[in-house]
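Q: one predicted model, sequence on top.
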Amino acid sequence: MSKEIKVGILGLVAAVIIYFGFNYLKGNAMFSTVNTYYMVYKDIGGLTVSNPVVVNGLNVGKVRNLELLQDGKENNILVTINVEDKIEIGDGTTAILKSSDLLGGKMILLKLGPNNEVYPSGDTLRSSTEKSITEELQERATPVLANVDTTISKLRGFIDADDKASFKNIIKNMETTSILVKRMTNESRQNANLLTGNLIELSAQLRDTEKRLGPLIEKMSNFGDSLNTLDFDNTLRMVDNSIQNLDSIVIKLNDDKGTMGKLINDKKLYDQLNVTLTSLDSVLLHFEENPKHFLAPLGKEPNKKSPYWDKWHGKDGYKTYKKTH
């Protein structure tokens, strides 16, 4: 097969696809039998070819053609639709032009009723138009807007020059209040920044304190472990024994039979010891002042008597000292 034949076949196939696709987009059924009907509207409100024809929400056809009818008095639109032939359409059917969505899309709604006569293909159906949501809102809003405009006009008439001045003062006060609020906000922000800085510094000090307390806590923990390892029973037992021994020593000291008890409790012995210690102190003092009296050669009389001689040896102290020495 030559290249020219292949190109011809490809072009034919493309033409067939384009034909069927164009007719499908126009709403023409290619593989089913349809009936054609006509409706006349004064305004189609944006209805286009291929818009759906619906019965109770079911798509049963499409808009095939739109044509402007001019008879010199008024202009109307002739709408041609294709509907599946199994749908019985007659004198009880009304073709309603209505919105299909909130964006302004249009469709033909076939409202079927009891038919006294079934229309053949090519007949004209009774038509009506349903207002769109936008049109209804506009119709309802127009009186409201008119009333609002009238109310505003009346309010303007009621407001005199004094009231206008009052409103101006209120606006000025609001501006002043806004400035004060802004200033307070800035001050609060500065205080918050300062507080944040203080909190950061405090946090750093707490971390430093925690580092310093760490070794101390560890030492206290070790000390606690050491206390746990001590034998408190033996320690208390030793302390109790020491107290008992000390109590026994105190009892012996208070007893008159012992040496220490006699020294502590015998007043006469205490006085004698006191006199002896005093005399010994006097002798030591005399020895310190006149050592020659005690260190003189044997058989030699001292040249001078010590003032303490008569005290210790009496009036014949020298003779007594000589006899004894």
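A: Arrived safely, thanks for sending. Worth saying up front: this structure is predicted, and the values here are computed from it rather than measured. Residues are numbered from 1 along each chain as shown.
Q: the strands in this structure, which residues?
A: Using DSSP state E, the strands found in the chain span residues 34-41, 52-55, 58-70, 75-84, 94-99, 106-111, 126-129.
Q: who wins for proximity to N169 among those?
A: strand 94-99 (51.4 Å; CB to CB). For glycine as for every other residue, the C-beta is placed from the backbone atoms N, C-alpha and C.
Q: returning to that earlier point: could I get the strands of the chain as a markdown table with mean neighbour count, distance to L213 and mean pLDDT?
A: Listed next are the strands of the chain as a markdown table, based on neighbours: other CB atoms under 10 Å; distance: least, CB to CB, whole Å; pLDDT from 0 to 100:
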| stretch | mean neighbour count | distance to L213 | mean pLDDT |
| --- | --- | --- | --- |
| strand 34-41 | 19 | 93 | 92 |
| strand 52-55 | 19 | 83 | 93 |
| strand 58-70 | 15 | 83 | 91 |
| strand 75-84 | 19 | 92 | 92 |
| strand 94-99 | 18 | 79 | 91 |
| strand 106-111 | 19 | 83 | 92 |
| strand 126-129 | 14 | 89 | 91 |
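Q: could I get those as TSV with distance to F20?
A: Below are the strands of the chain laid out as TSV (distance: least, CB to CB, whole Å):
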stretch	distance to F20
strand 34-41	15
strand 52-55	19
strand 58-70	14
strand 75-84	15
strand 94-99	27
strand 106-111	23
strand 126-129	30
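Q: which one of these lies closest to E4?
A: Nearest to E4, of these and by CB to CB, is strand 58-70 at 38.1 Å.
Q: now the angle from that closest one to strand 106-111?
A: Angle of strand 58-70 versus strand 106-111, following axes from the mean of the first three to the mean of the last three CA atoms, to 10 degrees, is 110 degrees.
Q: mind listing residues that contact strand 58-70?
A: Strand 58-70 is contacted from outside by 26-28, 34, 36, 40, 44, 47-54, 75-84, 87, 108, 110, using CB atoms under 8 Å, 6 or more residues apart in numbering.
Q: does S99 touch T129 like I think?
A: No. Counting by CB atoms under 8 Å, S99 does not reach T129; the two are 10.5 Å apart.
Q: and V83, bridged to which residues?
A: V83 has these beta-bridge partners by DSSP bridges: N35, G61.
Q: that one and P52, how far apart?
A: For V83, the distance to P52 equals 11 Å [CB to CB, to the nearest Å].
Q: could you do T150 as well?
A: In terms of CB to CB, T150 sits 44 Å off from P52.
Q: before we move on, what about K42?
A: Applying CB to CB, the value for K42 to P52 is 21 Å.
Q: what do you get for L280?
A: 147 Å.
Q: render the CA-only coordinates of stretch 50-57 in CSV, please.
A: Extracted in CSV, the C-alpha atoms of stretch 50-57 (Å, rounded to 0.1, in the frame of the first residue of the first chain):
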residue,chain,number,x,y,z
SER,A,50,-25.7,21.5,23.5
ASN,A,51,-27.3,22.6,26.9
PRO,A,52,-29.2,19.7,28.4
VAL,A,53,-32.9,18.9,28.2
VAL,A,54,-34.0,17.4,31.5
VAL,A,55,-37.0,15.5,32.8
ASN,A,56,-37.1,15.1,36.6
GLY,A,57,-33.3,15.5,36.8
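Q: identify all contacting residues around it.
A: Here stretch 50-57 has contacts from 25-27, 59-63, 81-83, 87, 100, 105-110, 112, using CB under 8 Å, 6+ apart.
Q: for this structure, longest helix please?
A: The longest helix of the chain (DSSP state H) is helix 161-229.
Q: now that one: average pLDDT?
A: For helix 161-229, mean pLDDT is 81.
Q: use 361 as the first number from now on
A: With the count now opening at 361, the last piece we talked about shows up as helix 521-589.
Q: gap between the closest residue to V478 other than its chain neighbours and N476?
A: The spatially closest residue to V478, leaving aside those adjacent along the chain, is G450, at 4.3 Å (CB to CB, 6 or more residues apart in numbering). To N476, G450 is 7 Å away according to CB to CB.
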